[in-house]
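A.B. asks: This is a predicted model, with the sequence first.
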Amino acid sequence: MGGTATPARVNFRSSFTIKNWRVGVVWLGMPRPCMNLETASKNIELCRGRMDALYQKSVFDEWAVVKFEQGSPSVLAYVGPRAERFSEQFHHDSGLLFAEMQGKQYDAGDFEFVAQARGSRFDACMCLGEATYLFCNNTFGTMGQLRADARWLEAQKPFVALTEKFRADPLV
């Protein structure tokens with residue numbers, strides 16, 4: 001896990017699936033791996049490239065890593081067509097997604113999709129670590145439209161693999 005930050009000491013239980021077997025791992029007093037922003041951004045870009053190659057066109061043309069501190073969003077990284085106005089429109093553009101997320105608890109690697117978000121409204125988000133999320137957007141369509149294409153079945157696999165990276169190695 002190149003580019004990791006200084007790990008914190010924690011006691012937690014993690015699990016993952018190998019084929020149809022659920023495997024539990026207990027970390028007791030051992031340092032839990034912690035990813036830094038540079039490594040996270042590289043992993044996100046690799047995922048984006050793989051998804052676009054498998055879908056044979058752009059899946060999410062806008063990606064942003066956002067940290068929430070005291071309820072206020074702070075953009076840590078952004079790739080997309082509207083960098084100059086992204087922050088000022090964030091509240092409006094996240095409305096549908098936040099409504100879907102309302103009342104749910106998200107851990108690193110957990111994600112949410114909204115089928116009918118259009119234009120600048122976010123289509124998906126993934127929890128990358130404590131209070132930090134990746135927001136994904138297809139500014140030219142909806143998740144419903146993306147899913148209607150048979151290529152979506154293969155294109156979503158890199159996204160799922162990315163969730164597992166953050167589940168095992170959260171952003172700090």
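C.D. replies: Alright, I've got the coordinates. Residues are numbered from 1 along each chain as shown.

A.B. asks: Sketch out the low-pLDDT regions of this structure for me.
C.D. replies: Judged by pLDDT under 70, the chain has its weakly predicted residues at 1-33.

A.B. asks: for it, which helix is longest?
C.D. replies: Ranked by number of residues, the top helix in the chain under DSSP state H is helix 37-55.

A.B. asks: buried residues in that one?
C.D. replies: 37, 39-41, 43-44, 47-48, 50-52, 54-55 (16 or more other CB atoms under 10 Å). Using the backbone N, CA and C atoms, a C-beta is placed for each residue, glycine as well.

A.B. asks: same deal with stretch 110-128?
C.D. replies: Across stretch 110-128, burial judged by 16+ other CB under 10 Å covers 110-114, 117-118, 120-128.

A.B. asks: contacts for the longest helix of the chain?
C.D. replies: Applying CB atoms under 8 Å, 6 or more residues apart in numbering, the external contacts of helix 37-55 come out as 1-4, 35, 58-60, 63, 65, 76-77, 79, 128, 134, 146, 149, 151-152, 154-159, 161-162, 165-166, 171.

A.B. asks: Filter those residues down to just the ones in strands.
C.D. replies: Among those, the residues falling in strands (DSSP state E) are W63, V65, L76, A77, V79, L128, L134.

A.B. asks: Of those residues, which is the most crowded?
C.D. replies: Tallying neighbours with other CB atoms under 10 Å puts L128 at the head of the ones in strands among the contacts of helix 37-55, with 31 neighbours.

A.B. asks: That residue touches A168, doesn't it?
C.D. replies: No. Here L128 lies out of contact with A168, judged by CB atoms under 8 Å, at a distance of 12.0 Å.

A.B. asks: quick one: the helices in the chain?
C.D. replies: Under DSSP H, the chain gives helices at 37-55, 86-93, 95-101, 143-148, 152-168.

A.B. asks: just to revisit the earlier point, the buried residues of stretch 110-128: which two are farthest apart?
C.D. replies: Greatest spatial distance among the buried residues of stretch 110-128 (CB to CB): R118 and L128, at 24.8 Å.

A.B. asks: which non-adjacent residue is nearest N137?
C.D. replies: Once flanking residues are discounted, N137 sits nearest to E62: 4.0 Å by CB to CB, 6 or more residues apart in numbering.

A.B. asks: and the gap between the one you found and S120?
C.D. replies: Using CB to CB, to the nearest Å, E62 is found at 8 Å from S120.

A.B. asks: overlap in contacts of those two?
C.D. replies: Both E62 and S120 are contacted by R82, N137, T139, under the criterion CB under 8 Å, 6+ apart.
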